[in-house]
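> Pasted the sequence and its predicted model underneath.
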Amino acid sequence: MNCFSVRLVALAGLLSVGFLDSFGSAAEAFPSAFVPVPGRGQKIDYLGDTFEDEDWTFFHAHPKSSREEDGMARGPLGRSANGRLQEGPERGQPDMLEVIRTPAGGLPGSRHALLVRTLHSGVPGTYSLAVQQDDLICGITTRLGTQIPVREIPSCVVRVWLPPAAEWENRSGPHFGIRVGLRTTTMEPNRGLFAVGSSPVVEPYWPGMWIHFRSETSKGVEADSALIKVRGDRRGIDFRVKDIPAEQFGWWTFGISLSADGQVHYFASPGVDDLTPADYLTSQYPYGFQAERLNSFFFNACNLNDGHSWSTPFVLDDPAVYIVDSARVENLVERREAYESRRQQKRSARQGASGSVR
């Protein structure tokens, strides 16, 4: 066994022991894999955001991108001034991205968090009268210049504030998504008149968790509540994993982790405490794929696209990326920060020279 294999086995043993101690029979369903708890390992401060910068702002670039709907990416894409968050090319950025005072019960020491709402989802200038979504991307590849292989055991964690039931958009169905962009390799048949065999193709996919609302005004629903659905099982079908009664609305912690065998693991817990094995929901191979690389961490704001129904006002805090085997990414971040520092020094020098009196 080489040094890398020894290191990976040691990491697996470290994480799986804690999971088995608390889960026993649940872990036995995955005898060939361990279940990393999101938030373990090294937090990569170069990724994610805390929203504590007093000058935090988002530059909207209208009209929005809507490539998924009509093939129009409409660059340049919207982005935050600090370069940490951006509009997705498939769907546009939410219309309201505003830093506010952290709602009560948030992370200790947190003064600010991000309010996320949208109104004009879907194709700009049109109203489908159907539920549609906008995307807010926490860049990983766009920040690092590389994806994160699952063998490095990455995970993503975020705190989300669920408002009181009276403040939700009044419809039953999906309202907010916490998701990751993954890449795997599939084999596709070669095309052409005399083509034979198949070739490897990069396959992107986007699993995650959806927060659904159940409105008491809907048929058969006695009281307002919410639930968490996971996307998805081996067929790509969403399924319910946890109910959230209205009394538990407020801060929740959500986490998604990846293991070296390509499984996706889902965790959620009321409050803002770090996730533990007790917060485990499920492990899946969405669409039957084995994940190879983590590309992005992102959020979906959903509403009825009718031109006047604002989406539910969710609040995000401290979206973060962690890596267990983090040496490669930490070295990369160190080099990128040094490069950005040199660029800033040169820019400041040029500005100083142009402003000098001759």
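Done, it's in.

> The closest residue to C302 other than its chain neighbours: helix or strand, and which one exactly?
Excluding its sequence neighbours, the residue lying closest to C302 (CB to CB, 6 or more residues apart in numbering) is Q133, at 4.5 Å. For every residue, glycine as well, the C-beta is placed using N, CA and C. Secondary structure from DSSP states H and E places Q133 in strand 131-139.

> how many neighbours does the residue nearest to C302 have?
By other CB atoms under 10 Å, 25 other residues sit near Q133.

> for it, what are its contacts?
Neighbour list for Q133: R91, T118, S121, P174, G177, N300, A301, C302, N303 [criterion: CB atoms under 8 Å, 6 or more residues apart in numbering].

> Identify, by residue count, the longest helix of the chain.
For the chain, the helix with the greatest residue count under DSSP state H is helix 327-354.

> Remind me what it packs against, helices and strands.
helix 141-144 (3 or more CB pairs under 8 Å, 6 or more residues apart in numbering; DSSP states H and E).

> Now find how far off-centre the helix it packs on is within its chain.
In terms of CA atoms, centre = their mean, to the nearest Å, the gap separating the centre of helix 141-144 from the centre of its chain is 14 Å.

> what's that helix in contact with?
If you take CB under 8 Å, 6+ apart as the criterion, helix 141-144 is touched by Y46, L47, G83, R84, Q86, Q147, N295, S296, V329, L332, V333, R336.

> E188 and E203, how far apart?
Counting by CB to CB, to the nearest Å, the gap from E188 to E203 is 9 Å.

> neighbour-wise, which of those two wins?
E203 (15 against 10).

> helix/strand/coil for the more buried one?
strand (DSSP: H, G, I helix; E, B strand; the rest coil).

> Look up how far S199 lies from the residue lying closest to it once chain neighbours are set aside.
Using CB to CB, 6+ apart and skipping the chain neighbours, the partner closest in space to E203 is T186 (4.5 Å). When distance is defined by CB to CB, T186 is 10 Å away from S199.

> Tell me where this protein has helices.
So, for the chain - with DSSP H - the helices run 3-23, 67-70, 141-144, 327-354.

> lowest average confidence, helix or strand, in the protein?
Taking mean pLDDT, DSSP states H and E as the measure, the helix or strand of the chain with the lowest value is helix 3-23, at a mean of 41.

> nearest residue to D273 other than its sequence neighbours?
Excluding its sequence neighbours, the residue lying closest to D273 (CB to CB, 6+ apart) is T253, at 6.8 Å.

> Isn't the one you found up against V272?
Yes. Contact criterion CB atoms under 8 Å: T253 and V272 qualify, at 5.9 Å.

> Between these two, point out the one with more neighbours.
Set T253 next to V272 and count neighbours by other CB under 10 Å: T253 wins out with 23 against 20.

> Contact partners for the more buried one?
157-160, 267-275, 279.

> out of those, which are buried?
The neighbour-count test (16 or more other CB atoms under 10 Å) marks V157, V158, R159, V160, F267, A268, S269, P270, V272, L275, D279 as buried among the contacts of T253.

> So what's the residue count around the residue nearest to the second one when sequence neighbours are not counted?
Excluding its sequence neighbours, the residue lying closest to V158 (CB to CB, 6+ apart) is P319, at 4.3 Å. The burial metric for P319, expressed as a neighbour count using other CB under 10 Å, is 25.

> Could you double-check that P319 lies in contact with I44?
No. Between P319 and I44 there is no contact under CB under 8 Å: 11.5 Å.

> Please identify every residue contacting each of the two.
Common neighbours of P319 and I44 are not found (criterion: CB under 8 Å, 6+ apart).

> what bits of this structure have low per-residue confidence?
For the chain, residues meeting the criterion pLDDT under 70 lie at 1-33, 354-358.

> Select the longest strand from it.
strand 173-189 (DSSP state E).

> Within its sheet, name the partner strands of that one and how each one runs.
If you go by DSSP bridges, strand 173-189 pairs up with strand 198-205 (antiparallel), strand 208-214 (antiparallel), strand 293-304 (antiparallel).

> circling back: so which of the buried ones among the contacts of T253 comes closest to Y285?
Nearest to Y285 among those is F267, at 17.0 Å by CB to CB.

> ok, the closest one to F254 distance?
Distance, F267 to F254, by CB to CB: 7 Å.
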